[in-house]
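In: 3D model of this:
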Amino acid sequence: MEAASIAHAGAHDADEHHGPPPANSSSRVEPQLLGMLLFIISEVMVFGAFFTAYFFIRIAQGNPWPAPGTHLPLEVAGVNTAILVSSSFTIHWAQSSIAKGNRFGLKAGMLLTFLLGCTFLFIQINEYANIGFAPQDGAQQTIFYSLTGLHGAHVFIGLCLLLFVTIRSFRGHYSPEQHRGVEVPGIYWHFVDVMWLVVYSTVYLL
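Out: I've put the predicted structure just below:
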C-alpha cells in the first residue's frame, strides 16, 4: 500500500510539472524595463545614422547651415523646447505621486504631460507649414525634415503610450505596489525629451 501511495504521489507530481521548465532569468532587470532600455538603445542608433548624415553635409562637405535663402525659427523652436522639457517634470510628478499612493497627482501629471506633448507636436506641424522650404529643395532641407520628423514620429508614439496610461490612471489601474505601467512609458518619454534637446542644440543653435 505504501509503495502504491508513493507511486501515486509521483504520478501526481509528474502531472503538476508537465511541460518545459520555466526559463532561466540571469538578468536582475525586470523584462519590461529591460525591453524598453534595449528599444531605446536601438533608437539611439537610428538617430545616430541621421546625425551622421547631418554632420557629413555640414562639416565634411562644407555646406552652409541653414541653406542660403532659408531661415529656422529659433524662437518658436525654443518655446517648443521649453514645453517638451516641462513635460518631463510633469510625468516625473505622476510617477512620484503613484509611488506614494497619490492618485490625484498621478492623474493630473499624466494629463498635463499628454497635453504638453500634443502642444509640442501641434507647434512642430505648424512650423512645417510656415517654414518656407520643402524636403526636396536640397540636402540641408532633407536632413532638417528627416531629423525633426523622426523625432516627431517618436513624440507621436509616446503620445499614444501616454494616452493609454492616462486612461488607465483615471480608471484606477495603478497602485503604489503595481505601477510599472507608468514607469516604463515614462522612461521612453524622458528619452524623447533628451533626444529633442540634442536635435534642437545641433540643428537650431549650432
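
In: hmm, Leu106 and Ser96 touching each other?
Out: No. Contact between Ser96 and Leu106 fails when scored by C-beta atoms under 8 Å: they sit 9.1 Å apart. For the C-beta atoms, the positions are set from N, CA and C on the backbone; glycine is no exception.

In: what ranges do the helices span in this structure?
Out: Listed in chain order, the helices of the chain (DSSP state H) span 2-16, 31-55, 74-99, 103-130, 139-170, 180-199.

In: that older thread, okay, Ser96 and Leu106: which has more neighbours?
Out: Using other C-beta atoms under 10 Å as the criterion, Ser96 and Leu106 rank with Leu106 on top: 27 against 13.

In: give me the pLDDT for that one.
Out: In this prediction, Leu106 carries a pLDDT score of 95.

In: check the gap between it and Thr148 for me.
Out: Note on Leu106: its distance to Thr148, by C-beta to C-beta, to the nearest Å, is 31 Å.

In: in a markdown table, list the helices of the chain along with distance to Ala67.
Out: Output for the helices of the chain, formatted as a markdown table (distance: least, C-beta to C-beta, whole Å):
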| stretch | distance to Ala67 |
| --- | --- |
| helix 2-16 | 70 |
| helix 31-55 | 13 |
| helix 74-99 | 16 |
| helix 103-130 | 16 |
| helix 139-170 | 4 |
| helix 180-199 | 17 |
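
In: so for Trp65, which of the ones you listed sits nearest?
Out: Closest of the helices of the chain to Trp65 is helix 139-170, at 6.1 Å (criterion: C-beta to C-beta).

In: ok, Glu75 to Leu150 distance?
Out: Taking C-beta to C-beta, one finds Glu75 at 23 Å from Leu150.

In: looking at the two, which is more packed in?
Out: Neighbour tally, Glu75 and Leu150, criterion other C-beta under 10 Å: the higher count belongs to Leu150, 17 against 8.
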